[in-house]
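Colleague: Need the 3D shape of this:
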Amino acid sequence: MEITKNKLIISAVLSLGWLLTPAGFGAQSLLLNHDFEDTVPDLTPAGHIVTTSSNIAPWYTTSTTGAYDSIEVISSGYSPGSTPINASVGTGIWDGGNQFVALNSDPTVSLNQTVEMTLDGPVSLRFLQRGGTSSAVQDFVEVQIFYYNFGVPVSYNYQFGATSDAWQLQELTLFDPGWESGTGDLHTFEIVFTTPTGSSGNLNYIDNVEFVAVPEPSGALLSLTGGLLATLRR
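Modeller: Residues are numbered from 1 along each chain as shown. Below is the predicted model:
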């Protein structure tokens, strides 16, 4: 009887193995420096620094006014007021490490990165957001995802809100039949964070940006069901 239980446990684990593959929900983000933990020169403990794109590469920041090409990087414990701002504490995506970035209220300044991925199904974006203005009023960040479908630019725009009380996990899953023109098509995506136009006063902290391709639900369910049925037969 004990041997049967062991076989059942092992088989169930193998059936769920797709969740830990690069195409699964446990996959690491395809974005580089996705947690903003790379060393930034002159950034002190419990401090902050306004730095250029070169120090947070391959993230890139833009200003349509030409005023600057910069982003604010903050280390946990920084106190712009009476209360320190700390990175998220937890496991997985909730592990905020020690550094994160601030996105100010200028809608002409964006934080963006471009990534290529081979698609057979939906894509998932997750990130941590924390408002910087008030514990009662949300600050908003706009996320734009650009890609080209047979040479035609396509964009998706979403807005997410969070108060200054705590880090908030934001998630979205995108699916476009245009991605399904063939098995394993390579697509280039640009992920852009900015402040919504007309939302002056917003201050947002961003961390742990995950962008992954995920398996289609039907395939995942078939994989799981097939594994369990095989176990029952044995």
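Colleague: need the contact list for S88.
Modeller: By C-beta atoms under 8 Å, 6 or more residues apart in numbering, the contact set of S88 is W94, D95, G96, L128, W167, D207, N208. To be clear about C-beta, it is placed using only N, CA and C from the backbone, and glycine gets the same treatment.
Colleague: again, 10 Å this time
Modeller: 76, 94-97, 100, 128, 130, 166-169, 205, 207-208 (C-beta atoms under 10 Å, 6 or more residues apart in numbering).
Colleague: can you check V137 too?
Modeller: G131, G161, T163, S164, G201, N202 are the contacts of V137 under C-beta under 10 Å, 6+ apart.
Colleague: And the helices in the chain, which stretches?
Modeller: For the chain, applying DSSP state H gives helices covering 2-15, 217-233.
Colleague: looking at these, which one has the lowest mean pLDDT?
Modeller: Mean pLDDT is lowest for helix 2-15 out of the helices of the chain, coming in at a mean of 34.
Colleague: Would you quantify the distance from the residue sitting nearest the centre point of the chain to D42?
Modeller: Residue closest to the average C-alpha location in the chain (C-alpha atoms, centre = their mean): V209, at 2.4 Å. Distance, V209 to D42, using C-beta to C-beta, to the nearest Å: 23 Å.
Colleague: Next: S110.
Modeller: 23 Å.
Colleague: and those two? which has more neighbours close in?
Modeller: Legend: neighbour count by other C-beta atoms under 10 Å for S110 and D42, higher for S110 (19 against 8).
Colleague: ok, that one - contacts?
Modeller: With C-beta under 10 Å, 6+ apart, S110 has these contacts: 60-64, 71, 103, 142, 144, 192-195.
Colleague: Report the contact partners of the nearest residue to it once chain neighbours are set aside.
Modeller: Closest residue to S110 in three dimensions, ignoring its sequence neighbours and counting by C-beta to C-beta, 6 or more residues apart in numbering: T194, at 4.2 Å. Contacts for T194 (C-beta under 10 Å, 6+ apart) come out as 61-62, 103, 106-112, 141-144, 157, 204.
Colleague: Could you turn the buried ones of the residues you listed into a PyMOL selection?
Modeller: The buried residues among those can be selected in PyMOL (16 or more other C-beta atoms under 10 Å) with this line:
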select buried, resi 61+62+103+106+107+109+110+111+112+141+142+143+204
